[in-house]
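Asker: what's the 3D shape of this:
(chains A and B)
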2 protein chains.
Amino acid sequence: MQRAAFLLKVRPELVAEYRARHAAVWPEMLEALRRHGWHNYSLFMRDDGLLFGYVECAESLEASLAGMAGEEVNERWQQAMAPFFEGIGGKPADQGLLRLEEVFHLD
Amino acid sequence: MQRAAFLLKVRPELVAEYRARHAAVWPEMLEALRRHGWHNYSLFMRDDGLLFGYVECAESLEASLAGMAGEEVNERWQQAMAPFFEGIGGKPADQGLLRLEEVFHLD
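Answerer: Presented below is the predicted three-dimensional model:
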């Protein structure tokens, strides 16, 4: 298992809509995430749209991202979500996230 | 159990020292955290010192913070760490952290 955390930035004017979409993620998207080792996966947001992801990956974040990259439902999801993000040059979020370094852990 | 995430900002010039201190947190500080329901607790950092905390609290983050507030070792730790942070007006980090809202979770 590998713990991973990453950062993205949602456009401030789309924060409410981002929250609404994530309260109703497509079931087939959730199934694909599970299938590719995304466990205990949470997204946390600051009022201005700063977004933090925390996930425990079966193998590694790289492997979990690579697995999703081969899923048609992920392509549709990322396409629908792309307009929400800023600072990643229009790339899909799963290709533009900033990985953070773990500096402390207590089980 | 309550998942919680928070943000702090370490001074850029103290990032390396912050990392070093957190590779060697005092054993009595770790024991106090455990005693007050801090589980699966990780800190992640961006190069510039932006710091993201993720923790699973036995009851709530409020209760876990309140528990630590009564510990003498926490007072010493927070005093030692206070100079590392910016943007919280010199307050101890455990009184100045910005709580983030959970907008998505997948078990």
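
Asker: use CA for all of it now, contacts and neighbours both
Answerer: Noted.

Asker: Against which helices or strands is the lowest-mean-pLDDT helix or strand in chain A packed?
Answerer: One helix or strand of chain A scores below all others by mean pLDDT, DSSP states H and E: helix A:93-96, with a mean of 90. For helix A:93-96, the elements it packs on are helix A:72-81, judged by 3 or more Cα pairs under 8 Å, 6 or more residues apart in numbering or on different chains; DSSP states H and E.

Asker: how about the helix it packs on: buried residues?
Answerer: A:V73, A:N74, A:E75, A:Q78 (16 or more other Cα atoms under 10 Å in any protein chain shown).

Asker: What is the distance between that helix and the centre of its chain?
Answerer: 12 Å (Cα atoms, centre = their mean, to the nearest Å).

Asker: What of stretch A:56-75?
Answerer: 10 Å.

Asker: repeat for stretch A:65-84
Answerer: When distances are taken as Cα atoms, centre = their mean, stretch A:65-84 is centred 10 Å away from the chain's centroid.

Asker: State the mean pLDDT of the helix or strand hosting A:R21.
Answerer: Under the criterion of DSSP states H and E, A:R21 resides in helix A:15-22. Looking at helix A:15-22 alone, the average pLDDT works out to 98.

Asker: what angle do it and helix A:72-81 make?
Answerer: Going by axes from the mean of the first three to the mean of the last three Cα atoms, to 10 degrees, helix A:15-22 is angled at 160 degrees with respect to helix A:72-81.

Asker: Helix A:15-22 near chain B at all?
Answerer: Yes: using Cα under 8 Å from any Cα of the partner chain, helix A:15-22 reaches chain B at A:R19, A:H22.

Asker: Around chain B, pick out the residues from chain A.
Answerer: A:5, A:19, A:22-23, A:30, A:39-46, A:52, A:54, A:100-107.

Asker: Just the buried ones from these?
Answerer: Buried by 16+ other Cα under 10 Å: A:5, A:19, A:39, A:41-46, A:52, A:54, A:100-105, out of the residues of chain A next to chain B.

Asker: Can you tell me which of these end up in strands?
Answerer: Among these, the ones falling in strands (DSSP state E) are A:5, A:39, A:41-45, A:52, A:54, A:101-105.

Asker: Right, I'll leave it there.
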